[in-house]
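# sequence below, structure please.
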Amino acid sequence: MNPFLNLGIRHDIVNAITELGFENPTPIQEQAIPVLLSGSNDFVGLAQTGTGKTAAFGLPLLELLDFTKNYPQALILCPTRELCLQITNDLKNYSKNIDNAHIVAVYGGASISDQLRQIKKGVQIVVATPGRMLDIINRKAINFSQVSYVVLDEADEMLNMGFQEDIDQILSTTPEEKKTWLFSATMPAEVRRIAKKYMENPFELTMGTKNTGNANIEHEYYVVKARDKYAAFKRIVDFNPEIFGIVFCRTKIETQEIAEALVKDGYNADSLHGDLSQQQRDRVMKRYREKNLQLLIATDVAARGIDVNNVTHVINYSLPDEIENYTHRSGRTARAGKTGVSIAIINAKELGKIRQIERVIGKSFTKAEIPTGFDVCEKQLFGLIHKVHNVAVNEEQIEQYLPRIMDEFKDLDKEEIIKRFASLEFNRFLEYYRNAPDLNANTDYEDRGRERGERGERFGRTGYKSDYTRLFINLGSVDDFTRGDMLGFICNQSKISGKSIGKIDLKGVYTFFEVENEVVDKVQQGFKSVDFQGRNVRIELAGDRDGGGGSSRGRSGGGGFGGGKRRDQAGGGRREGGNRSGGGGFRDFSGKRREDRSEKRKRY
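Next up is the predicted model:
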């Protein structure tokens, strides 16, 4: 008998979740489901991300609601659109054998008219982000007077994002006698206060110790100089050939810059941040879930609620402003009982912050050494050998080519063939890491003041080519281009390397970009007679279109990741965070906010 039946879940729901691979309940599901099925208690559940919280509250909801009635009976509030969509999809999968089950996702960045239309047709469960939900309530387009259950998921993050007032207004439209279920990964004082405000004698369930991290996650830190951070990051990635990771940055600009640099350097990477349209975000996440991306570069806000299986590494390129966010970041790996690694790349002055995080998560970090060039080459070589040894051979399809393959190799013996296959990848890394320097910083060196000056050196590259030409192209973000898309488009059309392209300044209907002087003619030739969705694509010297000259004499190293003011791109949203440098800006954990919460709320 399926253990979920023993918890009180009926057959049609158990059959649906069995098809999804649910065999045994996780600890929080095992303990929470019987309590919630009683329907008689308010509930507070404290558990880390990746422990199965959605099913812990979703399965009882499906048992308790009356799906013969088409009015809202349950409201689930969560902080981000990604989490909103994830919960909605999960509930739809759980309820696929229930007749007349209607679940609607309500979130910003999508058509409100479509969401209103779905609500009007009839709905039992509404899954929503607070901002869009309040908008719909203010339009008097929904009636919550008969709601029996309210779920506050990721309550700590909703409060951290400044949704307290929105939650108050939303819950004021629900009945006093409803039951409130609150789930949170951490339990700061603010969450404790919200539990006291909205609940009466709640049943409390804590999985593990409050605010601690997942026991299956190994925590490592690497100490580097700020100028070497990007080079060290790449070396860590190269040392882990099978990495499938999420890289966290503090600001939107930083995510975009690092993603672009990785693409230029030949990695499968893309960025996820608040300036992307919903369509762009969905496209990036689809590629990542399908593992067409190896590295997802993201901000905390953008990545909240992402549930992707088998993430092997979380890399903190910049430490988070809020200490609780480290727990949420690291929780993207080691989900559903698997193991994972959370890595922090820091400078020597941030060692104290690592100690603070250790105290909060209840686990010690391991100080790791940036691998040497030889170590990386060796790891890549045996990674390739392992891949070749374990590759699945499609006998039927390859059989027709075998005679030609054997003929090509007829003058080589087995040993020679093996050496040549191994050298395909090995030679590339051997050349790149020839004479590679030691990137580990001495944690007790005296002249730490030098770090400040080093932060201006972008991605650790020590020398820029001095002359770039600034060009104009009549395509931009309204054409659904991200900077990564534009980079690939220019490279493909011009047949040039991404390393020849400098800064890409994506606007709404046009884009400025820099290329090395020697490839300007090649770029212009490559775009002759090119059209995009029926429009002629134009490449011109930027001239005085943006008030600048046709040639950009070098790149400023003084502003960290491309300092100066920046207009918002089409797609909306403010720039996240302030300090762009890889080394500083870690806020103390007193609760002070660098950014007004009301401004954060506008994004969702």
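
# burial of the closest residue to residue 482 other than its chain neighbours, as a residue count?
Distances taken as CB to CB, 6 or more residues apart in numbering place residue 280 nearest to residue 482, at 5.8 Å, with adjacent residues excluded. Where you see a C-beta, it was placed from the backbone N, CA and C, and this is true even at glycine. Number of residues near residue 280 (other CB atoms under 10 Å) recorded here: 20.

# with residue 393 instead?
Neighbours of residue 393 using other CB under 10 Å come to 8.

# in the stretch 401-550 of the chain, which spans are strands?
Taking DSSP state E, counting those that start in this stretch, the strands of the stretch 401-550 of the chain run over residues 467-473, 501-506, 511-516, 531-532, 535-536, 539-541.

# can I get these in TSV with mean neighbour count?
Shown next, in TSV, are the strands of the stretch 401-550 of the chain (neighbours: other CB atoms under 10 Å):
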stretch	mean neighbour count
strand 467-473	20
strand 501-506	20
strand 511-516	21
strand 531-532	11
strand 535-536	10
strand 539-541	17
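
# the residue nearest to residue 482 reaches residue 479, doesn't it?
No: Residue 280 is not in contact with residue 479 according to CB atoms under 8 Å; the separation is 11.1 Å.

# low pLDDT regions in this structure?
1, 49-50, 208-214, 302-305, 336-337, 443-466, 543-604 (pLDDT under 70).

# returning to what we had before: so the residue nearest to residue 482: helix, strand or coil?
helix (DSSP: H, G, I helix; E, B strand; the rest coil).

# span of stretch 88-100 from start to end?
One end of stretch 88-100 to the other measures 15 Å (CA to CA, to the nearest Å).

# got the contact list for it?
12-13, 15-17, 20, 54-55, 58-59, 61-62, 67-68, 70, 101, 103-105, 125, 127 (CB atoms under 8 Å, 6 or more residues apart in numbering).

# neighbours around the residue nearest to residue 87 when sequence neighbours are not counted, how many?
Spatial nearest neighbour of residue 87, excluding adjacent residues (CB to CB, 6+ apart): residue 127 at 5.0 Å. Using other CB under 10 Å, residue 127 has 29 other residues around it.

# my read is that residue 127 contacts residue 78, right?
Yes: at 6.9 Å, residue 127 and residue 78 qualify as touching, with contact defined as CB under 8 Å.

# joint contacts of those two?
84, 87.

# the residue lying closest to residue 481 once chain neighbours are set aside - how many residues pack around it?
Distance criterion CB to CB, 6+ apart; nearest residue to residue 481, sequence neighbours excluded, is residue 475 at 6.0 Å. As a burial measure, residue 475 scores 22 neighbours (other CB under 10 Å).

# who are the neighbours in contact with residue 475?
Neighbours of residue 475 in contact, by CB under 8 Å, 6+ apart: 481, 486, 489, 509-511, 532, 537.

# now the buried members of those residues.
With neighbours counted by 16 or more other CB atoms under 10 Å, those contain buried members at 481, 486, 489, 510-511, 537.

# how far off centre is the strand or helix carrying residue 204?
Using DSSP states H and E, residue 204 maps to strand 203-206. Distance of strand 203-206 from the chain centroid (CA atoms, centre = their mean, to the nearest Å) equals 29 Å.

# mind listing what that strand pairs with, with the direction of each?
Neighbouring strands of strand 203-206 in its sheet, by DSSP bridges, are strand 43-46 (parallel).

# ok now the strand it pairs with, how far from the chain's centre?
That offset, for strand 43-46, works out to 26 Å (CA atoms, centre = their mean).

# past that strand, which element shows up next along the chain?
Next along from strand 43-46, by DSSP H and E: helix 53-64.
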